[in-house]
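Colleague: Everything below, folded, please.
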Amino acid sequence: MKTWWTGRWTIPVWLALTFWSFAAANAQEAERGDNVLQWTWHAEPVTGGTGNEVDLVLDAGIRHGWILYSSDFVPTDFGPRPARIALDGADGSVAVGDPRPVGASRGTGKDIDGEFSYTYFSKQATLRQRVRVPEGARAVTGVVNGQACFEESGLCTLVRQAFSVTLQ
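Modeller: Okay, here's the model as predicted:
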């Protein structure tokens, strides 16, 4: 007497189900917004400046399949959110200008407001923010806010990462 588990399709069906289970688990893991970005930061002195300015350099490694929207585009009501750097300012530090993206790509999209353009990073993001610091400041603290999206599904998540950069 043959049963369903001893037939000739048992192993192929079992392999297909196992493969599908692992593929579904990997897809869910890839789409979750956890640990999409791995941030590092440092300060560089500004040459030829007043001596009280530094460039904050915020670098982010971006997980495969994800993008981070850059800082140099005008947002629409329903489109992507640009990256922004907000300084704590309790020590008297002040941002000079807007964050400058390094190596961002350009893209276009369409929503209910019509067509729009944006810039984004994939794999690696670098934002530079010029900061005027008071004499004797030891660190600059703040937060970077932005939006990251998984390109395959369109799943997006808001990003908020606090930072503290030690000054030399």
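Colleague: okay, CA-based contacts and neighbour counts for the rest of this
Modeller: OK.
Colleague: And the helices in the chain?
Modeller: Counting by DSSP state H, residue ranges of the helices within the chain are 10-31.
Colleague: so where's it shaky on pLDDT?
Modeller: 1-34, 49-51 (pLDDT under 70).
Colleague: and the gap between Asp77 and Leu37?
Modeller: For Asp77, the distance to Leu37 equals 25 Å [Cα to Cα, to the nearest Å].
Colleague: who's more crowded, the two?
Modeller: It is Leu37, of Asp77 and Leu37, that has more neighbours when counted by other Cα atoms under 10 Å, with 21 against 10.
Colleague: Please look at Gln168 and Val140 and confirm they touch.
Modeller: No: here Gln168 does not reach Val140: they are 11.1 Å apart, not a contact under Cα atoms under 8 Å.
Colleague: I'd like to know how many residues surround Arg138.
Modeller: 12.
Colleague: What's the separation between the residue most central in space within the chain and Ala83?
Modeller: Within the chain, one residue has its C-alpha closest to the average C-alpha position: by Cα atoms, centre = their mean, that is Leu68, at 3.9 Å. Leu68 sits 8 Å away from Ala83, taking Cα to Cα as the criterion.
Colleague: Give the residues shared as contacts by those two.
Modeller: The contact sets of Leu68 and Ala83 overlap at Gly146, Gln147 (Cα atoms under 8 Å, 6 or more residues apart in numbering).
Colleague: Contacts for stretch 137-154 next, please.
Modeller: In this structure, residues lying in contact with stretch 137-154 by Cα under 8 Å, 6+ apart are 31, 36, 65-70, 80-89, 91, 93, 133, 155-168.
Colleague: Going by neighbour count, which of those are buried?
Modeller: Burial by neighbour count, 16 or more other Cα atoms under 10 Å: within the contacts of stretch 137-154 this picks out 31, 36, 66-70, 80-85, 87-88, 93, 133, 156-157, 159, 163, 165, 167.
Colleague: So which of the residues you listed belong to strands?
Modeller: For the buried ones among the contacts of stretch 137-154, the ones inside strands are Trp66, Ile67, Leu68, Tyr69, Arg84, Ile85, Leu87, Cys156, Thr157, Val159, Phe163, Val165, with DSSP state E as the criterion.
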